[in-house]
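>>> Below: sequence and its predicted model.
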Amino acid sequence: MTSKAFAFARFLGIVSLSAVIAVLTACGALPRMPERPDERAAAPDPSTPLAKIVAASTPPGEHSGFRLMPLGVYSLDARIQLAQRAQRSLVVQYYQFENDATGRLLMRALREAGARGVKVRVLVDDLYTSKSQQPLLAFAQTPNVEVRLFNPFCCGRGGIVSRFAASPQDIPRLNHRMHNKLFIADGVAAVVGGRNIADEYFVLSQAQNFIDMDALVVGKVVAELEAVFDAFWNAEQVWPIGDIVTGEGGRKPTAREFDDWIGMAAPPPRLEIPPVDVLGYGPIAEELDAGRMGLLWGEAHAIADPPSKPKYMTPDEALATSVTMKVWGLLLDAKSEVDLTSPYLVPGEKGMAAFDDLMRRKVKLTLLTNSLAANDEPLVHTGYARYRERLLRSGADLYELSPERTTANKRLGMFGNSLGRLHAKTAAIDKERIFVGSMNLDPRSATQNTEMGVVVDSPQLAREMLRVINISKLQNSYRLRLDGETGALQWLTTDGEKEMILTSEPEAGFFQRFYNTLVAPIIPEMLL
């Protein structure tokens with residue numbers, strides 16, 4: 001998710017907007033929810049080009065097929081290719097859909113699909129739409145396109161501060177966000193994983209970029225993913241964008257204005273796509289053009305939180321039924337090893353008890369998360385830092401992503417001078433099972449945000465997941481250990497044959513370290 005949005009949401013929980021509410025003079029409310037019939041995805045049409053490609057690519061008796069996409073530009077291109085080939089339907093669900101080069105490129109492909117008669121449904125969480133709401137409103141005026149907002153703000157829509165300030169009585173509701181990421185074409189091919197729709201998730205930003213993971217998905221699990229989307233699309237937390245957003249000047253922008261904004265009259269921007277990714281795959285367009293995709297197969301199932309989380313639940317009930325607990329269940333089933341990546345890693349006492357149980361059973365535990373310098377959530381880092389020494393003492397292998405090493409290593413993308421950060425939420429269990437999705441291992445994912453992902457039983461897919469994790473931990477990260485004499489934390493890195501040992505948070509400035517040392521003891525973990 002985005003650093004600005006998520007950091008501010010956490011900040012709101014800490015300060016309760018007391019300074020803003022003190023000067024507030026008026027409050028707003030959402031309009032009345034319009035009556036509408038439930039809308040469900042139609043059964044896939046086996047005659048569409050994408051359905052024929054999937055059928056030709058599926059061996060007899062297989063359940064679901066996957067292609068991991070660790071390279072951002074490959075993952076963006078996959079969405080564009082699916083949108084360009086869709087004939088019946090496109091469903092698009094994201095926490096963030098930015099009005100930047102990436103967002104406009106995808107909207108262009110969706111606009112072209114709508115013009116072909118494809119039914120396009122777009123669902124976006126409303127927390128971070130202040131810059132994209134006008135293009136999205138205009139997009140909703142185009143043929144065959146419908147746009148809805150999850151858990152919208154009624155008023156003050158020019159920025160995040162003003163949105164919360166306009167609804168102080170509604171903060172418990174507004175703190176509940178949809179963190180899902182899902183893209184489905186013609187009901188037969190999907191992209192699921194950790195990436196939002198913004199430049200930094202596809203290594204196209206000049207300032208910061210994320211190491212992340214998506215998967216191209218076909219087969220039986222796609223129907224489960226589409227059912228997840230339908231549950232959210234019809235939820236009481238969802239409004240049509242036209243009922244919430246007012247066009248500039250008091251009128252709705254037209255489809256023609258939308259076309260002008262995204263440059264429909266000009267040729268589409270070209271993505272610079274490397275000939276092969278870190279796993280040895282080429283761009284998916286080549287295989288789609290050839291009519292057959294090379295995929296890895298396994299039995300898979302979608303897991304997702306309900307859109308009502310946590311409205312009708314206590315925090316304990318929300319946790320007990322959450323994607324977080326389902327993933328913990330998978331981890332606790334491990335027999336030999338767990339390799340897990342999470343950009344925000346705050347296990348809590350229950351999580352530590354689970355980790356301790358794994359290591360008592362001699363299950364090898366490897367964790368990769370962000371260093372302080374790489375973390376776009378400094379408050380979350382304070383929560384994670386409370387558990388580092390305990391994790392190391394219990395026997396876990398712990399790695400923290402290094403921005404400098406990520407920038408220098410080109411295998412997961414050309415980061416240029418931008419800041420490299422970890423955003424992937426993945427797990428490989430016993431070299432046989434994987435999870436890839438939107439869930440962070442932290443309190444917010446457990447009890448506040450809705451999350452989703454897929455669990456796949458496939459040794460081949462697990463091997464590829466481990467290849468990507470190993471690149472990040474061995475070439476892009478620091479390995480942590482405790483000094484044998486003093487017990488102090490040490491960060492190790494190897495460049496060539498030379499091992500370097502650091503004794504303070506690497507690559508972090510004095511004020512970063514001071515801030516985290518100062519605030520760490522006073523921030524309750526439940527607010528991280």
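Here it is on my side, so go on.
>>> tell me which residues of stretch 469-477 are tucked away?
Buried residues in stretch 469-477, counted by 16 or more other C-beta atoms under 10 Å: Ile469, Ile471, Ser472, Lys473, Gln475, Asn476, Ser477. The C-beta positions use only the backbone N, C-alpha and C, and glycine is treated the same way.
>>> same deal with stretch 191-199?
Neighbour-count burial for stretch 191-199 flags Val191, Val192, Gly193, Gly194, Arg195, Asn196, Ile197, Ala198, Asp199 (criterion: 16+ other C-beta under 10 Å).
>>> can you redo these as a markdown table with distance to Thr426?
Shown next, in a markdown table, are the buried residues of stretch 191-199 (distance: C-beta to C-beta, whole Å):
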| residue | distance to Thr426 |
| --- | --- |
| Val191 | 15 |
| Val192 | 12 |
| Gly193 | 8 |
| Gly194 | 8 |
| Arg195 | 12 |
| Asn196 | 16 |
| Ile197 | 20 |
| Ala198 | 20 |
| Asp199 | 22 |
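>>> okay if I get the residues you listed as CSV plus secondary structure, pLDDT and distance to Asp277?
As requested, those are exported to CSV (DSSP: H, G, I helix; E, B strand; the rest coil; pLDDT from 0 to 100; distance: C-beta to C-beta, whole Å):
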residue, secondary structure, pLDDT, distance to Asp277
Val191, strand, 98, 15
Val192, strand, 98, 18
Gly193, strand, 98, 14
Gly194, coil, 98, 16
Arg195, coil, 98, 15
Asn196, coil, 98, 20
Ile197, strand, 98, 20
Ala198, coil, 97, 21
Asp199, helix, 97, 19
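>>> now, the most widely separated pair of the residues you listed?
Using C-beta to C-beta, the pair of the buried residues of stretch 191-199 lying farthest apart is Val192 and Asp199, separated by 20.3 Å.
>>> any idea of the mean pLDDT in stretch 136-156?
Averaged across stretch 136-156, the pLDDT comes to 96.
>>> Output that stretch as CSV, nothing but the C-alphas.
This file holds the C-alpha atoms of stretch 136-156, laid out as CSV (Å, rounded to 0.1, in the frame of the first residue of the first chain):
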residue,chain,number,x,y,z
LEU,A,136,-12.3,8.0,-12.2
LEU,A,137,-15.5,10.0,-12.2
ALA,A,138,-15.0,10.8,-15.9
PHE,A,139,-14.1,7.2,-16.6
ALA,A,140,-17.4,6.2,-15.2
GLN,A,141,-19.2,8.2,-17.9
THR,A,142,-17.7,6.1,-20.7
PRO,A,143,-19.7,3.3,-22.3
ASN,A,144,-19.9,-0.1,-20.5
VAL,A,145,-17.9,1.2,-17.5
GLU,A,146,-19.0,1.4,-13.9
VAL,A,147,-16.8,2.7,-11.0
ARG,A,148,-17.6,2.3,-7.3
LEU,A,149,-15.8,3.4,-4.1
PHE,A,150,-15.3,1.3,-1.0
ASN,A,151,-16.1,2.9,2.3
PRO,A,152,-16.1,6.5,0.9
PHE,A,153,-15.7,9.8,2.6
CYS,A,154,-18.6,12.2,2.4
CYS,A,155,-16.9,15.5,2.3
GLY,A,156,-13.6,17.5,2.4
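>>> For it, buried residues please.
Neighbour-count burial for stretch 136-156 [16+ other C-beta under 10 Å]: 136-142, 144-156.
>>> Which members of the residues you listed occur in strands, if any?
Members of those lying in strands (criterion: DSSP state E): Val145, Glu146, Val147, Arg148, Leu149, Phe150.
>>> hey, what's the nearest residue to the second one once chain neighbours are set aside bridged with?
This points to Glu146. Of all residues not flanking Glu146 in the chain, Arg121 sits nearest, at 5.4 Å (C-beta to C-beta, 6 or more residues apart in numbering). Beta-bridge partners recorded for Arg121 (DSSP bridges): Val91, Glu146.
>>> what sits against the closest residue to Leu461 other than its chain neighbours?
In this structure, Leu461 finds its nearest non-sequential neighbour in Leu296, 4.7 Å apart by C-beta to C-beta, 6+ apart. Neighbour list for Leu296: Gly65, Phe66, Arg67, Ser458, Gln460, Leu461, Glu464 [criterion: C-beta atoms under 8 Å, 6 or more residues apart in numbering].
>>> can you pull the pLDDT of Leu296?
98.
>>> same question, the one 3 residues further on
Per-residue confidence for Glu299 comes out at a pLDDT of 98.
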